[in-house]
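Student: When you get a sec, could you give me coordinates for this:
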Amino acid sequence: MTPGKTHDTTTALPPHRAELARGWRAGIARMRFPQSSPLEAFSILFLIGLVLIAAFADFIPGLVNPNFPYGDFSAPPNWTLNGLFGTDGLGRSILSRVIYGARQTLIIVTAATVISMVCGIFLGMLAGYFRGFAEHGVDLFANTMSSLPPVLIILALVSVTGTSVLTMTLTLGILDIGTYARITKGGVISQNDRDYVLAARALGAGHGRVLLREILPNLVPTLTAVVPPLMAGLIITEGSLSFLGFGIPAPAPSWGGMIAGSTDLISRFPLLIFGPILAIVLTVYALNTVGDFLARRVDIRERQL
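Tutor: Just a heads-up that it's a prediction; the model follows:
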C-alpha cells in the first residue's frame, strides 16, 4: 500500500459487492455528527446507558428479582440500590421493576420498529418507483391508519387475539408502516430523476438493482432521523396499553403496568409512580431530542446539495 493513502477494503471484494458496499457507505456518510449540545449529549448518553442497563440487568450486583418481595411497603425510600425508589404494594423493589420493565419495553418497541421499517420501506419503494396502482394502494393504507386512533386499533386487535408480548409487538409494528411508507415513497420520487439513477438505468440496471443500490442507500439519513421520535410514540402507546391492562401480562414488570398497579395507593403514597413515570418521560424526551438532532443534520446536508 502506498504511504499516505488509505486502503479501500472494497477493492478486495467482487465487483458487484464492492459497488454495493460503496453505495451504502456513501449513504451513511451523508449523516454528519458534529458537536452536540449538552441536552443532546445527555439524551444520547441516557439512551446508551438505558440499553446497557436493561440488557445486563441480570448482572447488576445486588439487584433483586423484580417479582419477589424485597422489603416492607411502609418503609420509605433509601439510598440503597433496591430501595432508591422504595417498594410497591407487594414489597417489590420499584427500581428493579423499572429496570426490568425497560428491557421489556425496549424489546417490544425495537421489534415493532423493525417490522414497521421493513414493511414500510418495501411498500414505499414500490409506490414511489412504480407509481400508479401501487401508489394508490399504499396511500389508501397510510391514510386509513393515520385517521384511526392508535390505541383503538391495538385494543381491537388485542381483544380478538388475546394479550401477549407477541400480539403487542405485531400490533405496534402495524401502526407505523404507513408513516415509513410515506417517507420512503417521497424519497424515492425525489431521486427517480437524479443523475446516478438515470446513469444506472442507461447502463441496463434492473429495477431491483436501482432500488437497492442507488436509491435505498440515500434514504438512510432521512429514515434514521424519523426512527427515534416514532419509537418514542410507540413507548407511550405501549405504556398506555399496559396501564389499561392490555399490555405485558403480569407479573412481568412494565412501566404502564406499574402505574396502573399503584392507582389505589397514589393518594397516600404518590412516590409509587415516580420511578416508572420518570423512566417514561426521560426515555421519550431523549428519543425526541435525538430525532430532532438527526433531522437537523439531514436538513443541513440537503441544503448543501
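Student: Please name the residues that touch E135.
Tutor: Taking CB atoms under 8 Å, 6 or more residues apart in numbering, we find E135 in contact with 127-128, 185. C-beta here means a position set from N, CA and C on the backbone, and glycine is covered the same way.
Student: likewise I273?
Tutor: I273 sits next to 258-259, 262, 266 when contact means CB under 8 Å, 6+ apart.
Student: same deal with G187?
Tutor: 124, 128, 215, 218-219, 222.
Student: biggest separation within those residues, which pair?
Tutor: Farthest-apart pair in the contacts of G187 is G124 and N218; separation 13.6 Å (CB to CB).
Student: which one of the two has more residues nearby?
Tutor: G124 (29 against 20; other CB atoms under 10 Å).
Student: For that one, give its distance to G256.
Tutor: Counting by CB to CB, to the nearest Å, the separation of G124 from G256 is 31 Å.
Student: Which ChimeraX command selects the buried ones in the contacts of I273?
Tutor: Filtering the contacts of I273 down to the buried ones (16 or more other CB atoms under 10 Å) takes a single ChimeraX command:
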select :258,259,262
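Student: which of the contacts of I273 lies closest to V281?
Tutor: Nearest to V281 among the contacts of I273 is I259, at 11.8 Å by CB to CB.
Student: Now stretch 191-209: average pLDDT?
Tutor: In this model, stretch 191-209 carries a mean pLDDT of 80.
Student: what does that stretch rub up against?
Tutor: 128-129, 210, 213-215, 218.
Student: Can you show me the CA trace of that stretch as PDB?
Tutor: Only the C-alpha atoms of stretch 191-209 are listed here, as PDB (Å, rounded to 0.1, in the frame of the first residue of the first chain):
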ATOM      1  CA  GLN A 191     -34.500  10.500  -6.500                       C
ATOM      2  CA  ASN A 192     -36.100   9.000  -9.600                       C
ATOM      3  CA  ASP A 193     -34.600  11.700 -11.900                       C
ATOM      4  CA  ARG A 194     -31.200  12.100 -10.200                       C
ATOM      5  CA  ASP A 195     -28.200  11.600 -12.400                       C
ATOM      6  CA  TYR A 196     -26.900   8.500 -10.700                       C
ATOM      7  CA  VAL A 197     -30.300   6.800 -11.100                       C
ATOM      8  CA  LEU A 198     -30.600   7.800 -14.800                       C
ATOM      9  CA  ALA A 199     -27.000   6.600 -15.300                       C
ATOM     10  CA  ALA A 200     -27.700   3.200 -13.800                       C
ATOM     11  CA  ARG A 201     -30.800   2.800 -16.000                       C
ATOM     12  CA  ALA A 202     -28.800   3.800 -19.000                       C
ATOM     13  CA  LEU A 203     -26.200   1.100 -18.200                       C
ATOM     14  CA  GLY A 204     -29.000  -1.500 -18.200                       C
ATOM     15  CA  ALA A 205     -29.600  -1.900 -14.400                       C
ATOM     16  CA  GLY A 206     -32.800  -3.600 -13.500                       C
ATOM     17  CA  HIS A 207     -35.400  -2.200 -11.100                       C
ATOM     18  CA  GLY A 208     -34.200  -4.200  -8.100                       C
ATOM     19  CA  ARG A 209     -30.600  -3.000  -8.700                       C
END
